[in-house]
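# Generate a structure from the sequence data that follows.
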Amino acid sequence: MMEMKLVKSILTKNPCYTAGKKITVKGLMLHSVGCPQPRASVFINNWNRADYDNACVHAFIDGNDGTVYQTLPWNHRGWHCASGKNGSGNNTHIGVEMCEPACIKYTGGSTFTCSDLATAKAVAKRTYEAAVELFAMLCKEYGLNPTSDGVIISHAEGHKRGIASNHGDPEHLWNQLGMGYTMDGFRKAVKAAMNETEDKNETTSDEPVKWYRVRKTWTDAKTQKGAYKILKNAKACADKNDGYSVFDWNGTKVYPAETKSEERASEEMTVSYRVHVGIKNLNIRKGPGTNYDKTGKYTGIGVFTIVAESDGEGASKWGKLKSGAGWISLDFTERI
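Predicted coordinates for the structure are as follows:
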């Protein structure tokens, strides 16, 4: 199974987004788009309009490469399944659409013909596998058991439960292409994916799937470009986007590596006090430690203001001069 690529492409102009209504996520609903269009970008471009009030889902899965495009924040209320006699799954379920092959042609209702079965099956397999990975991630994120009743359902199953309109997707696609997929099998596959280890050695583990996320900052989730299991892939994404970094599952920046000055800044403690220097030749250094170069200047005898402290080689404590000239060893000073 290929690694899922998750890209944020939020439909910020769509009324479902601008309404800002939130849901308590109780389940996930799987759909297929119901037309011969494998490219997620077509739907994203068409639906991202203020006057498009027909529908909005939380994600599309591209049929050509399996990329998952998140189009709504997961806890926003979408409009992906209409309603039934028992209410609407829009109020409880995240909705995900799988794109369909270009080589099918609908002839009436959910019935279609197919001009290239091999290609169509490849698209269906690609979107199915990406959906398994995505649903595994979402079940972990929201603490859902994928095999519990009503947690993961199709649009067709939603209709049977009275919380969705009368559609047959995505089972109609799988059945007519002879894929052998079922929703029961899908739920089991999600459960298995949740238990896979990071190195995919087919052993099970209770450890959660760990994602590397590419963002400008950890706290700015809106800037996320993608989420990856493999660090190398996350680094490649960051390299393609200026100003972006890779953060691990704890929010720690892991790429690119911090510069020496950034590391030092994180270790500095801001202070403000004055010291007296009683020797003429106290060296000023470029950083807090004898491992940093001398600036070539001395403080001379006098009173100086310290604005930061840091540990470092060659002294018990180093102080940063308010003038910006550099750092001095506080071992040769007396605090006033």
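# Can you list phi and psi of the closest residue in space to Leu282 that isn't next to it in sequence for me?
Excluding its sequence neighbours, the residue lying closest to Leu282 (CB to CB, 6 or more residues apart in numbering) is Thr299, at 4.7 Å. Any C-beta I mention is one placed from the backbone N, CA and C, and that applies to glycine too. Here is the backbone geometry of Thr299 (degrees, to the nearest 10): phi -70, psi -40.
# need the contact list for Thr299.
For Thr299, the residues meeting the contact criterion (CB atoms under 8 Å, 6 or more residues apart in numbering) are Val277, Leu282, Ile284, Leu321, Ile328.
# mind listing which of these are in helices?
For these, membership in helices holds for none, with DSSP state H as the criterion.
# Kindly indicate which of those residues lies nearest Leu6.
Of all the contacts of Thr299, Leu321 has the smallest distance to Leu6: 47.3 Å, by CB to CB.
# In the sheet, which residues pair with the closest one? Tell me.
With DSSP bridges applied, the residues forming beta bridges to Leu321 are Ile306.
# so it makes contact with Ile328?
Yes. Contact criterion CB atoms under 8 Å: Leu321 and Ile328 qualify, at 6.5 Å.
# What segments of the stretch 201-336 of the chain are helices?
Under the criterion DSSP state H, counting those that start in this stretch, helices of the stretch 201-336 of the chain are mapped to 231-239, 260-267.
# For the shortest one, give the mean pLDDT please.
Same thing as helix 260-267. Averaging the model's pLDDT scores along helix 260-267 yields 50.
# before we move on, what about stretch 117-131?
The predicted model assigns stretch 117-131 a mean pLDDT of 96.
# Flag every buried residue along that stretch.
Neighbour-count burial for stretch 117-131, counted by 16 or more other CB atoms under 10 Å, picks out Thr119, Ala120, Lys121, Val123, Ala124, Lys125, Arg126, Thr127, Tyr128, Glu129, Ala130, Ala131.
# Equivalent analysis for stretch 9-20, please.
Under 16+ other CB under 10 Å, the buried positions of stretch 9-20 are Ser9, Ile10, Leu11, Asn14, Cys16, Tyr17.
# Now tell me what touches that stretch from outside.
With CB under 8 Å, 6+ apart as the test, stretch 9-20 has contacts from 44, 47-50, 52-53, 56, 69-73, 76-79, 222.
# Out of those residues, which end up buried?
Burial of the contacts of stretch 9-20 was assessed by neighbour count (16+ other CB under 10 Å); the buried members are Ile44, Trp47, Asn48, Cys56, Tyr69, Gln70, Thr71, Leu72, His76, Arg77, Gly78, Trp79.
# Let's have those residues in TSV, adding pLDDT and distance to Leu177.
Compiled in TSV, those are given as follows (pLDDT from 0 to 100; distance: CB to CB, whole Å):
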residue	pLDDT	distance to Leu177
Ile44	96	25
Trp47	96	26
Asn48	95	30
Cys56	96	27
Tyr69	96	23
Gln70	96	26
Thr71	97	25
Leu72	97	28
His76	96	32
Arg77	96	32
Gly78	96	27
Trp79	96	28
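# could you measure Lys216 against Lys222, distance?
Shown here: Lys216 relative to Lys222, a distance of 9 Å by CB to CB, to the nearest Å.
# quick one on the thing from earlier: kindly indicate which of the buried residues of stretch 117-131 lies nearest Gly27.
Nearest member of the buried residues of stretch 117-131 to Gly27, counting by CB to CB, is Ala131, at 14.3 Å.
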